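Undergrad: show me the folded form of this:
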Amino acid sequence: MTSTLKIVLAVGTFVGGVVGGYAWRDVSEGSAPNFAGLGAAMRGEPLPSAELAPTRTVAEAMSAIDSVFYGNATRQDLTYDAVAGMLASLEDPHTMLMEPALAERFEEKNTGHYVGIGAELSRDPLGAKIKRIFKNSPAQGVDLKPNDIVTHVDGKSVAGRDLLEVSESIRGETGTWVRLSVFRETATEPMKFSVKRRAVDIQDVYGAVLGGEGNAKVGYLEVRSFSETILSQFDEELASLESKGIRGLVVDMRGNPGGLLSAAVDMSGRFIDGKVITSMKMRNGQPEVFVSPSGWSDGRTYPVAILIDENSASASEIFTGAMKDYNRATIVGKRSYGKGSVQRMLGMADGSQIKLTIARYYLPNGESIQRRETDEGEFISGGIQPDFEVEKDRLAVNGDINTDNQLRRALAIVRAKL
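TA: Numbers count the residues shown, from 1 in each chain. Below is the predicted model:
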């Protein structure tokens with residue numbers, strides 16, 4: 001924690017309390033907190049008379065800190081801490097402030113695009129191991145491969161460095177180059193690659209055929225998020241599996257944190273034709289109903305199993321819940337997280353964003369899966385209960401049929417229905 005941040009936290013009770021009261025005034029009157037008004041106050045801009053009382057207090061607090069506080073507190077840090085205090089007063093775990101760098105990464109995940117080389121990294125003592133290579137990416141173009149270990153980036157060792165640091169050093173501007181030194185088990189000496197960065201589609205769907213012949217062939221689709229590009233990837237991978245003669249399917253939603261509600265609704269339409277997938281209720285109580293598209297299920301009648309775990313949330317729960325409610329899939333694994341709320345991203349002038357809960361969503365059967373916890377954070381209720389609860393083995397690797405006992409159970413359930 002930086003010394004500046006410690007100072008900010010020291011005054012956070014005062015500023016956060018004032019700002020929290022300011023937010024609560026709007027909420028209690030049936031309005032969303034006026035973040036624009038707060039921002040204007042922080043910048044010293046004139047405000048309508050109705051806004052002067054609460055924002056003047058904030059401005060006066062800021063002025064007092066500027067004038068007499070013993071320490072170095074920047075206005076930017078104070079502003080972020082004040083807004084964070086306001087949002088914390090709403091007591092909603094999914095409402096939060098994202099500072100510019102985090103907001104940019106979140107936007108990349110939702111759009112499904114970023115600038116880089118198109119490789120997913122994992123930790124390794126020597127640097128960073130390449131876990132996956134995205135299709136049609138610069139990394140694929142220079143023949144980088146899964147299990148390659150990046151040891152140097154632009155001549156600098158990355159051994160022992162934080163994975164996020166390594167990832168950031170490989171990213172860059174479109175059209176620029178990055179030099180990578182790579183250890184590959186089958187090579188007799190370190191390999192050198194120069195890779196030109198460009199816009200890359202994040203690959204979040206991976207497909208495979210789980211062995212067997214004829215009627216025993218079962219497809220496997222790992223779906224890792226719900227971005228703007230996810231539907232085209234899902235369709236491409238599913239079509240590839242179906243062209244290989246699969247007679248059943250396992251969809252892996254484990255660890256999927258969600259994403260775009262619309263993507264989950266559209267994906268449901270690949271199996272559920274023209275039915276209510278979820279309904280959303282805003283604070284005025286009026287429901288908004290989301291129906292799956294018609295004409296996309298293509299007569300698919302083969303059995304489906306869906307794998308979930310404690311980190312399956314949001315859009316992945318919408319898809320899973322609909323498939324369960326319409327008896328279109330058997331659910332295997334552990335109870336899902338239980339995120340039954342909808343957020344909207346509100347952009348701020350400096351590039352930060354506020355993620356604000358605007359509604360609750362409900363499954364086709366009318367059930368809310370919203371997670372409930374004790375004050376100590378212990379689970380009470382919520383989430384989607386699997387039809388077959390299976391604890392994951394300690395040494396299991398997701399997607400590896402030899403070690404993944406949850407996948408083997410899902411596969412056996414599908415094959416029993418063939």
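
Undergrad: would you list the phi and psi of the residue of the chain most remote from its centre?
TA: Using C-alpha atoms, centre = their mean, the residue of the chain lying farthest from its centre is residue 68. It sits 42.2 Å away. Backbone dihedrals for residue 68, given as degrees, to the nearest 10, come out at phi -130, psi -10.

Undergrad: show me the contact partners of stretch 379-394.
TA: By C-beta atoms under 8 Å, 6 or more residues apart in numbering, the list of residues contacting stretch 379-394 from outside reads 308-309, 312, 317, 320-321, 324, 330-338, 340, 369-374, 403-406, 409, 413. Quick note: C-beta positions are derived from backbone N, CA and C, even for glycine.

Undergrad: quick one on the thing from earlier: pLDDT at the residue farthest from the centre of the chain, what is it?
TA: Model confidence at residue 68, given as pLDDT, is 89.

Undergrad: now the helices for this structure?
TA: If DSSP state H is used as the criterion, the helices of the chain fall at 3-28, 35-43, 52-68, 75-88, 100-111, 138-141, 163-170, 230-243, 261-268, 315-325, 405-416.

Undergrad: do I have it right that residue 138 meets residue 117?
TA: Yes: counting by C-beta atoms under 8 Å, a contact exists between residue 138 and residue 117, whose distance comes to 4.6 Å.

Undergrad: those two - which one has more neighbours?
TA: Summary of the neighbour comparison: residue 138 and residue 117, criterion other C-beta atoms under 10 Å, with residue 117 having more neighbours (25 against 21).

Undergrad: doesn't residue 193 make contact with the more buried one?
TA: No: under the criterion of C-beta under 8 Å, residue 117 makes no contact with residue 193, lying 9.0 Å away.

Undergrad: now the residue farthest from the centre of the chain: how far from residue 56?
TA: 18 Å (C-beta to C-beta, to the nearest Å).

Undergrad: and if you look at residue 238?
TA: Here the distance between residue 238 and residue 56 works out to 58 Å (C-beta to C-beta).

Undergrad: neighbour-wise, which of these two wins?
TA: Ranked by neighbour count (other C-beta under 10 Å), residue 238 and residue 56 place residue 238 first, with 22 against 12.

Undergrad: shared neighbours of residue 138 and residue 117, which are they?
TA: Jointly contacting residue 138 and residue 117 under the rule C-beta under 8 Å, 6+ apart are 195, 197, 200.

Undergrad: so who does residue 321 touch?
TA: Taking C-beta under 8 Å, 6+ apart, we find residue 321 in contact with 278, 363, 364, 367, 369, 384.

Undergrad: any chance of a markdown table for these, columns neighbour count?
TA: Below are the contacts of residue 321 laid out as a markdown table (neighbours: other C-beta atoms under 10 Å):
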| residue | neighbour count |
| --- | --- |
| 278 | 26 |
| 363 | 21 |
| 364 | 21 |
| 367 | 12 |
| 369 | 26 |
| 384 | 27 |
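
Undergrad: ok, so of these, who is nearest residue 133?
TA: Nearest to residue 133, judged by C-beta to C-beta, of the contacts of residue 321 is residue 384 at 32.4 Å.

Undergrad: sorry, back to before: return the members of the contacts of stretch 379-394 classed as buried.
TA: Under a neighbour-count criterion of 16 or more other C-beta atoms under 10 Å, the subset of the contacts of stretch 379-394 counted as buried comprises 308-309, 312, 317, 320-321, 324, 330-338, 340, 369, 371, 404, 406, 409, 413.

Undergrad: for stretch 153-172, measure first residue to last.
TA: 12 Å (C-alpha to C-alpha, to the nearest Å).

Undergrad: give me the contacts around that stretch.
TA: Contact with stretch 153-172 is made by 114-117, 119, 121-123, 125-128, 150-152, 178-181, 197, as judged by C-beta under 8 Å, 6+ apart.

Undergrad: give me the distance from it to the chain's centre.
TA: For stretch 153-172, the distance from its own C-alpha centre to the chain's C-alpha centre is 23 Å (C-alpha atoms, centre = their mean, to the nearest Å).

Undergrad: now do the buried residues in that stretch.
TA: By neighbour count, with 16+ other C-beta under 10 Å as the criterion, the buried positions of stretch 153-172 are 153, 158, 166, 167, 169, 170, 172.

Undergrad: quick one: the second one and residue 149, what's the gap?
TA: In this structure, residue 158 lies at 10 Å from residue 149, with C-beta to C-beta as the measure.

Undergrad: before we move on, what about residue 415?
TA: The value you get for residue 415 to residue 149, if C-beta to C-beta is used, is 37 Å.

Undergrad: look at the two and report which has more neighbours.
TA: When residue 415 is set against residue 149 and neighbours are counted by other C-beta under 10 Å, the residue ahead is residue 149, at 21 against 18.

Undergrad: run a quick neighbour tally on the closest residue in space to that one that isn't next to it in sequence.
TA: Here the nearest residue to residue 149 in space, its sequence neighbours aside, is residue 183; by C-beta to C-beta, 6 or more residues apart in numbering that works out to 4.4 Å. Using other C-beta under 10 Å, residue 183 has 18 neighbouring residues.

Undergrad: residues in contact with residue 183?
TA: Residues in contact with residue 183, defined by C-beta under 8 Å, 6+ apart, are 126, 148, 149, 151, 190, 191.

Undergrad: now those as CSV including distance to residue 102?
TA: Formatted as CSV, the entries for the contacts of residue 183 read as follows, by distance: C-beta to C-beta, whole Å:
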residue, distance to residue 102
126, 28
148, 28
149, 28
151, 28
190, 34
191, 34
